[in-house]
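Peer 1: Any chance you could fold what I've pasted below:
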Amino acid sequence: MNKTPVSSSNHRADGHPYSMTISRYLFLLAALFYGVVANAQNLSTAQIKQIEEIAQNIAAQSNANKQAMLDEMTVSFNAIRRWQKCPF
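Peer 2: Predicted structure coming up:
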């Protein structure tokens with residue numbers, strides 16, 4: 001039986017074959033995160049205010065949608081309850 005040797009460069013001490021790939025991705029993710037944080041510090045006050053206004057609009061829309069969904073569910077639930085009480 002022919003056995004091909006496995007390169008040890010892609011294995012850690014416990015034999016996990018993806019450790020090098022995972023560590024490379026983690027390094028890349030950390031580098032990207034650092035770059036995003038560094039760029040976030042360069043926002044002007046006008047940009048920050050605009051972002052806050054957008055966030056407030058999103059929150060208001062979300063709350064309105066939540067209330068509308070709750071109202072719709074309540075109406076639907078009441079309709080089912082009334083239908084079940086109707087004698088035929």
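Peer 1: Please count neighbours and contacts with C-alpha atoms only from this point.
Peer 2: Noted.
Peer 1: Least confident secondary structure element in this structure?
Peer 2: Least confident helix or strand, the chain: helix 19-40 with a mean of 63, by mean pLDDT, DSSP states H and E.
Peer 1: in which helix or strand would I find residue 43?
Peer 2: Using DSSP states H and E, residue 43 sits in no helix or strand.
Peer 1: Any stretches of the chain with poor pLDDT?
Peer 2: Confidence mapping of the chain against pLDDT under 70 gives the ranges 1-26, 33-41, 73-88.
Peer 1: 50 instead?
Peer 2: For the chain, applying pLDDT under 50 flags the ranges 7-14, 18.
Peer 1: what's around residue 63, how many residues?
Peer 2: Neighbourhood size, residue 63 [other C-alpha atoms under 10 Å]: 12.
Peer 1: same thing with the one 5 residues further on?
Peer 2: Using other C-alpha under 10 Å as the criterion, residue 68 is surrounded by 12 other residues.
Peer 1: Also the one 3 residues further on?
Peer 2: Burial measure for residue 71: 12 neighbouring residues, criterion other C-alpha under 10 Å.
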